[in-house]
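J.: Just to be clear, the model below is a prediction. Sequence and coordinates:
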Amino acid sequence: LPKMATMDVEDESILASIFRDSFPEKWRENSDFTAYLSELSSYGIDKLNREPERLAEERSAILQQTRQLAFTNYKTFIRTAECTERVYGDFGRVESSVSNLLNKLPTFQERCRHFVTEAERIAVSRRMNSLTLNRHTEILEILEIPQLMDTCVRNAYYEEALELAAFVKRLEKKHSNIPVIQGIVNEVCQSAQLMLNQLIQQLRTNIQLPACLRVIGYLRRMDVFTEAELRIKFLQARDAWLKSILSSLADEDPYFHITKTIETYRVHLFDIITQYRAIFSDEDPLLPSADQTINEGAIFHGWVVQKVLEFLHILETNLHKGVGGRLDSLLGQCMYFGLSFSRVGVDFRGQLAPMFQRVAMDTFAKAVQDSVDKFQEEMNLYTLISAPAVLSSSVPMTLPSNQPGTLQPPMALLDFAPLACFLNDILVAFNDLRLCCPIALAQDVALCLEAALLKVTKIILAFHRAEETAFSGRERELFVHFCVAFAEDLVPYLNRCLQVLFPPAQIAQILGIPPTQVHKYGSLGCLDVATILEALAFILPKKEIVLATDPGLNVDFKDVPPPGQLIESTSVQNSNEKVQEGERMQMELTADVQSTPQEPTEGSG
């Protein structure tokens, strides 16, 4: 067979051509078949002829052996079949189990990967827990920072609180992505805000300069405000404290309220200005430079101007409420206040003069109007039945001599109660005015008094019109004397009083003109007597009356009677009662006029 297996290609092709259609093509691949063909090709004719018989015999023998074998080993075949069946069933189950295993393998694989991930996470967590345990002290210190910060702030340990805040800022920059660090930062920010509120609240108290320096230093280190904002916050806080003091002052009495306000402003506002200039550099120019967006110096300037305006508003409000005869005292205090603030560049005395000038003028105008109203009431009740004491007395009465430079009230007015009372009221108004009498009021006072005298003239004419038809000869004579006293005594005397309050020489010096030319400027410290008496011309006696006043008159106040004397008018008697002969009304001077002319206040005239 090995020899036949090595049959060359030529023999194979010969056999193939001989047995081309005798066997299937696939047998050619069988080695036994190929070997058998090779063997047949080596047989002779006789052997080839006997070969079919031999094959048939061999086939019969094999069949016989097979039957014998089957008969002999049939049990084995049965067991083999049973075993084969069992093996087949086992192979089916194995195949099913393998299929199930293959189906479950992806889930198992996924769970294995999850297990590996969880195991890695647990390992990392274990390592972190171990590291946390090793760094427990340091971590605890970091976690206690918010509580420590809050304790420092509430106990006013601001230096330590600022150090903690700075440490937390550095910590945030390094570990801003850690939630715990963010929580610590938020809590520390809340404590920092509380500290900021406490520091600003300290500025709203009666704090001294060293404490102010510390507070502003802390605020600067907190770095929450720019320089301009810090200045504004400082001024706002100190302003709130100043307003709290001002609001606590009692305002029932305007004089007391304004004096206490002046004292409060003078003391505390000066302290605030001193503190501001000690804390902040005030060398900046008022005009900002080209590269400076905020004029920090103008912040303080604007605040001071606002405070001065608030003080002036409070002063004006209280002055309008009325301070009695203490206007000069207030003026002196306010001028001293303005002078003291000139040391810090806040001299506001120029704003005071117009205000006091208005108040003085309003007070004088009101007093004059009240005098006119009172004169109207007295004229409504006045009668000319009783003879004047001076005219009816048989005993000659010695009148005080009019010495040069003296300013005695006309004694003839004692005979006419309404005129005497009117003069008393005007003199009281003059006395109040002279306490605060700026020279700038010369024209206004003269015009006001002239208007009042014109009203008095109208009242006298109204009285004449109402009583003229019922006048007796004696009453008509008394009324003429009444008008003469008004024209020749009252009006000239008031004119002289005006020239005492507003000396022509002083007015001329201010105007830069000779004293003899002052009268050319109209009602400038004198009355227009002709206009006042024009309506009474038909009643007054036809005689020459000197109406012009001496423009150069400059009365010395030292010759004026001492204070305390008043012109007192007796109460008007009932029209049916008679005054006993020889009775006269007592007259005392109220013109408590100052012995020297008062210098005009700053800013006046």
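T.: Sure thing, it's come through. Numbering: from 1, shown residues only.
J.: burial measure for the residue nearest to R266 when sequence neighbours are not counted, as a count.
T.: Among residues not flanking R266 along the chain, F337 sits closest, at 5.1 Å (C-beta to C-beta, 6 or more residues apart in numbering). Just so you know, the C-beta spots here come from the backbone N, C-alpha and C atoms, and that holds for glycine as well. By other C-beta atoms under 10 Å, the residues close to F337 number 21.
J.: So F337 sits against Y265, correct?
T.: Yes: counting by C-beta atoms under 8 Å, F337 touches Y265, with 6.8 Å between them.
J.: quick one: secondary structure of I513?
T.: State at I513, reduced to three classes by DSSP: H, G, I helix; E, B strand; the rest coil: coil.
J.: Return the distance of it relative to H519.
T.: I513 sits 11 Å away from H519, going by C-beta to C-beta, to the nearest Å.
J.: what does L352 give?
T.: Distance from L352 to H519, by C-beta to C-beta: 31 Å.
J.: of those two, who's got more company?
T.: A direct count of neighbours by other C-beta under 10 Å for L352 and H519 places L352 higher, at 20 against 17.
J.: Figure out the helix or strand that the more buried one lives in.
T.: helix 349-381 (DSSP states H and E).
J.: Ok, C526 next?
T.: Per DSSP H and E, there is no helix or strand for C526.
J.: Show the backbone phi and psi for it.
T.: Main-chain torsions, C526, degrees, to the nearest 10: phi -150, psi 160.
J.: my guess is it meets N495, correct?
T.: Yes: C526 is in contact with N495 according to C-beta under 8 Å; the separation is 5.8 Å.
J.: all helices of the stretch 151-300 of the chain, in order?
T.: Ranges of helices in the stretch 151-300 of the chain, per DSSP state H, counting those that start in this stretch, are 158-174, 179-202, 209-222, 227-247, 254-264, 270-279, 296-321.
J.: what would these look like in CSV with mean pLDDT, mean neighbour count and distance to F416?
T.: Formatted as CSV, the helices of the stretch 151-300 of the chain follow (pLDDT from 0 to 100; neighbours: other C-beta atoms under 10 Å; distance: least, C-beta to C-beta, whole Å):
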stretch, mean pLDDT, mean neighbour count, distance to F416
helix 158-174, 88, 16, 81
helix 179-202, 90, 16, 70
helix 209-222, 90, 16, 68
helix 227-247, 89, 17, 51
helix 254-264, 87, 18, 37
helix 270-279, 87, 17, 56
helix 296-321, 84, 17, 36
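J.: quick one: which of these is nearest V346?
T.: Evaluated over these, closeness to V346 peaks at helix 296-321, with 5.4 Å, by C-beta to C-beta.
J.: State which helix of the chain is the longest.
T.: Counting residues, the longest helix found in the chain (DSSP state H) is helix 74-134.
J.: Count the neighbours of Q147 for me.
T.: If we define neighbours as other C-beta under 10 Å, then Q147 has 11 of them.
J.: which residues of the stretch 1-150 of the chain score low on pLDDT?
T.: Flagging of the stretch 1-150 of the chain using pLDDT under 70 yields the residue ranges 1-23.
J.: Report the central residue of the chain.
T.: In the chain, the residue lying closest to the centroid (C-alpha atoms, centre = their mean) is Q236, at 6.7 Å.
J.: Please determine how far it is located from L196.
T.: Distance of Q236 to L196, given as C-beta to C-beta: 14 Å.
J.: Equivalent analysis for L413, please.
T.: In this view, L413 and L196 are 75 Å apart by C-beta to C-beta.
J.: same question, H257
T.: Separation of H257 from L196 (C-beta to C-beta): 36 Å.
J.: Likewise for F502?
T.: 60 Å.
J.: Also K104?
T.: Where L196 is concerned, K104 sits at a distance of 66 Å (C-beta to C-beta).
J.: How many residues are close by A440?
T.: When neighbours are defined as other C-beta under 10 Å, A440 has 20 of them.
J.: Hmm, A360 and it touching each other?
T.: No: using C-beta under 8 Å, A440 is not in contact with A360, being 10.0 Å away.
J.: residues near L461, how many?
T.: L461: 15 surrounding residues under other C-beta under 10 Å.
J.: So the residue nearest to it when sequence neighbours are not counted versus V480, what's the distance?
T.: Distances taken as C-beta to C-beta, 6+ apart put A535 closest to L461, at 5.9 Å, once the chain neighbours are dropped. Per C-beta to C-beta, A535 is found 15 Å from V480.
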